[in-house]
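Trainee: next one to model:
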Amino acid sequence: MSQNSIYIIDVTNRDGVQTSQLGLAKIEKTIINMYLDQMGVFQSEAGFPTTNHETNYLTGNLELVETGAIKRLRIAGWLRAIKADIELAKEMVPGIEHANISISTSPQMINGKWKGERTFDDVIEMMREALARAYELDYKTIAVNAEDGSRTSMEDLIKFTRAAKEGGAVRIRYCDTLGYDDPFTVYDRMKTLAEEVKLDIELHCHNDLGMAVACSVAGAKGAIDGGVDAYVNTTVNGIGERAGNADLISCLLAIKKSSGLEGRYHVDPNIDLTNSWRLAKYASYAFGVPIPVNQVGVGRNAFAHESGIHADGALKDRRNYELYDCEELGRGEPEIVETGRMITTGAYGGVKGFRNVYDRLEVEFNSDEEAREILDLVRLANVTTGKPLTEDELKFVAMYPEEARAILTLSIYQEPKLKDKRTRVTRKVGFPWEKAQAEKH
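Mentor: Coordinates of the predicted model:
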């Protein structure tokens, strides 16, 4: 077995929520982080530390790490590779310690975004400056992203990665931003990059050509064959921009069960596949996107047999037509219990009904006053999610009320020097109905 290892860095809470017309409330992002932690995932790219509405959520999740509610999962941020972002992130979320900093490296992106104002050497210099500033500000680990790495020449990619390594980057993220790669080219490129630079590699693959999982797994194989650790970026259920990202469960099953990798490559021993079903069902509920019937491992038909030959073979020995067992993924009844309507009725009907709901969840309150405090938070959580709360969401609010309060609170960050210079808004906005009424008179 290879001496190097494959780890998972899930980006659902950063790339997944950037999907057009989809999103997650902060409590939903938090629950996903807790499920990822239970699943043994190495790191969550939890959000954007320089974005106003992410500040309290990220701080709250870092507090969950401090209290031990999140036991192993690293909470990381995504930043542009510019010094201003590095500094602002530390100001807005002082506890942030892990981040990926990103900059475009391909000729298409450099020319298309900056219109000749910057060169590839300028890109390297910007990355160097941002990386140096991050370590001056006591970030613990910084990985460097080569956006559109798959359309960057091998020569430039090696040069960029060497500069990142010299600056102290712990990993290079190879971004197949447009899903342009295939498993054969990405294997060769990652093996060459690993052998040339000897820096751990992250694989970030999109699914525009339907090969995100295949490219992620092949790239990880190339990195390890080249002598470095591999970190595969995933999203739950493959949710992501355009055609999506590499699906978490598909990648893990491919690494653990496929003929060329099973038993030959060392996978993070903390991974626990029995949490797959719970996580996939929750993400589907939170995003409001049904799991496809043929989804790997967790789709309705993943273990269904109708063909006479298949059904007969499966009944005789499930291994005839099943590569792995549903029990390995923790499959069973969905963990989503629609208690929201009952909570709403209990909330408006009084604290007694509300306490009854929690009694059924085996959560006890010491007094009506304590129950009212949690009731207020549940009301707020219902408002932010716009849907009934699940059992685990209700339990989270009751067990970690202070962290929940922070996570559910949105605030506008403003630099201290600007707070005293706020201008009074004087512009007028006319609504259509106001215009119609004015025309009548």
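
Trainee: lowest-pLDDT helix or strand in the chain?
Mentor: helix 340-349 (a mean of 44; mean pLDDT, DSSP states H and E).

Trainee: right, and the helix or strand after it?
Mentor: helix 351-360 (DSSP states H and E).

Trainee: and that next one, how far out from the chain's middle?
Mentor: Distance of helix 351-360 from its chain centroid, counting by CA atoms, centre = their mean, to the nearest Å, is 33 Å.

Trainee: do stretch 254-265 as well
Mentor: With CA atoms, centre = their mean, you get 24 Å for stretch 254-265.

Trainee: okay, buried residues for it please.
Mentor: Buried residues in stretch 254-265, defined by neighbour count with 16 or more other CB atoms under 10 Å: 254-256, 261, 265. All C-beta atoms are positioned from the backbone trio N, CA, C, and that covers glycine.

Trainee: same deal with stretch 75-87?
Mentor: Buried, per 16+ other CB under 10 Å, within stretch 75-87: 75-83, 85-87.

Trainee: take the residues you listed and keep only those in strands.
Mentor: Mapping the buried residues of stretch 75-87 onto strands (DSSP state E) picks out 75-80.

Trainee: next, give phi and psi for residue 131.
Mentor: phi -60, psi -40 (degrees, to the nearest 10).

Trainee: can you pull the contacts of it?
Mentor: Contact analysis of residue 131 by CB atoms under 8 Å, 6 or more residues apart in numbering lists 81, 101, 142, 144, 164, 167-169.

Trainee: quick one on the thing from earlier: any idea which of the buried residues of stretch 254-265 is closest to residue 407?
Mentor: residue 255 (32.2 Å; CB to CB).

Trainee: quick one: mean pLDDT over the helix or strand encompassing that closest one.
Mentor: Element membership for residue 255, per DSSP H and E: helix 248-257. The average pLDDT within helix 248-257 is 97.

Trainee: partners of the next helix or strand after it in the sheet?
Mentor: Counting by DSSP H and E, the element after helix 248-257 in chain order, helix or strand, is strand 266-267. Partners of strand 266-267 in the sheet, by DSSP bridges, are strand 5-10 (parallel).

Trainee: hmm, residue 280 and residue 291 touching each other?
Mentor: Yes. Counting by CB atoms under 8 Å, residue 291 does reach residue 280; the two are 6.2 Å apart.

Trainee: state the three-state secondary structure for residue 161.
Mentor: Put simply, residue 161 is helix when judged by DSSP: H, G, I helix; E, B strand; the rest coil.

Trainee: tell me the pLDDT at it?
Mentor: Taking residue 161 on its own, its pLDDT is 98.

Trainee: hang on, the earlier thing: inside helices: which ones of the contacts of residue 131?
Mentor: Of the contacts of residue 131, the ones assigned to helices by DSSP state H are residue 164.

Trainee: write the ChimeraX selection for whichever of the contacts of residue 131 are buried.
Mentor: Here is the ChimeraX command that selects the buried residues among the contacts of residue 131 (16+ other CB under 10 Å):
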select :81,101,142,144,164,167,169
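
Trainee: residue 126: which of the contacts of residue 131 is nearest?
Mentor: Distance to residue 126, by CB to CB, is smallest for residue 81 among those, at 5.9 Å.

Trainee: would you confirm that that closest one contacts residue 99?
Mentor: No. The criterion here is CB under 8 Å, and residue 81 misses it with residue 99 at 10.1 Å.

Trainee: residue 248 against residue 233, yeah?
Mentor: No. Residue 248 lies out of contact with residue 233 (CB under 8 Å); the separation is 9.6 Å.

Trainee: can you list residues touching both of these two?
Mentor: Counting by CB under 8 Å, 6+ apart, the residues touching both residue 248 and residue 233 are residue 10.

Trainee: so which residues of the stretch 1-150 of the chain form strands?
Mentor: 5-10, 43-47, 74-80, 98-104, 141-147 (DSSP state E, counting those that start in this stretch).

Trainee: out of those strands, nearest to residue 412?
Mentor: Smallest distance to residue 412 across the strands of the stretch 1-150 of the chain (CB to CB): 16.3 Å, for strand 43-47.

Trainee: verify the stated contact: residue 124 with residue 162.
Mentor: No. Between residue 124 and residue 162 there is no contact under CB under 8 Å: 9.4 Å.

Trainee: more neighbours, these two?
Mentor: The neighbour count for residue 124 versus residue 162, taken as other CB atoms under 10 Å, is higher for residue 124 (19 against 16).

Trainee: how much space between the closest residue to the more buried one other than its chain neighbours and residue 115?
Mentor: Among residues not flanking residue 124 along the chain, residue 163 sits closest, at 4.9 Å (CB to CB, 6 or more residues apart in numbering). As judged by CB to CB, to the nearest Å, residue 163 and residue 115 stand 24 Å apart.
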